[in-house]
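Undergrad: Structure for the following, please:
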Amino acid sequence: MRRSHGQRHVRFDHTIVPSTDKERSARWYAELLDLGPVRTEPPFACVDLGNDVTLAFGGWDTAPVHAQHYAFHVEETRFDTVLARLVDRGIDYYADSSATRVGEVNHDDGGRGLYFRDPDGNFLELITVRYGGRPLAYGDPG
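TA: Residues are numbered from 1 along each chain as shown. Coordinates of the predicted model:
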């Protein structure tokens, strides 16, 4: 089913990621996912994704973090790189959202996927194929 032309005018721009240490968290994401340099956009520490979306860390630096879920669609080679970094850093990863299949990768929708936590407990997901096998060309405005 094709989307109407009007729906293409709404694009996701940024989200604020809860963190107890915005600089540490921004560096952690940038290094793990190979996102490039951290930049400051007061009062946030920001990292840019490859699709014009920004993750902005900060604002809750002294309060408990209420964990969120963030999913990242990546190419196969980036998946391999991130998986190797998780293993090298001793970060547990799971094949399922229940976090019961530790050290496994799923093959849902004909791709690969896994879940892991960031330093503040946010639950991250890495997938190579979108849910339902929906195609997305990188750079496609969606």
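Undergrad: Buried ones in the longest helix anywhere in the chain, by neighbour count?
TA: Ranked by residue count, the top helix of the chain under DSSP state H comes out as helix 76-89. Taking 16 or more other CB atoms under 10 Å as the basis for neighbour counts, the residues of helix 76-89 that come out buried are R78, F79, V82, L83, L86. In this view, the C-beta of every residue, glycine as well, is placed from N, C-alpha and C.
Undergrad: Distance from stretch 14-33 to the middle of the chain?
TA: Mean-position distance between stretch 14-33 and its chain equals 10 Å (CA atoms, centre = their mean, to the nearest Å).
Undergrad: Ok, stretch 75-83 next?
TA: On CA atoms, centre = their mean, the centre of stretch 75-83 falls 13 Å from the chain's centre.
Undergrad: got it, and stretch 71-82?
TA: Stretch 71-82 sits 10 Å away from the centroid of its parent chain (CA atoms, centre = their mean).
Undergrad: and the gap between the closest residue in space to D34 that isn't next to it in sequence and A99?
TA: Residue nearest to D34 in three dimensions, not counting chain neighbours: T81, with 6.5 Å by CB to CB, 6 or more residues apart in numbering. Using CB to CB, to the nearest Å, one gets 22 Å for the distance from T81 to A99.
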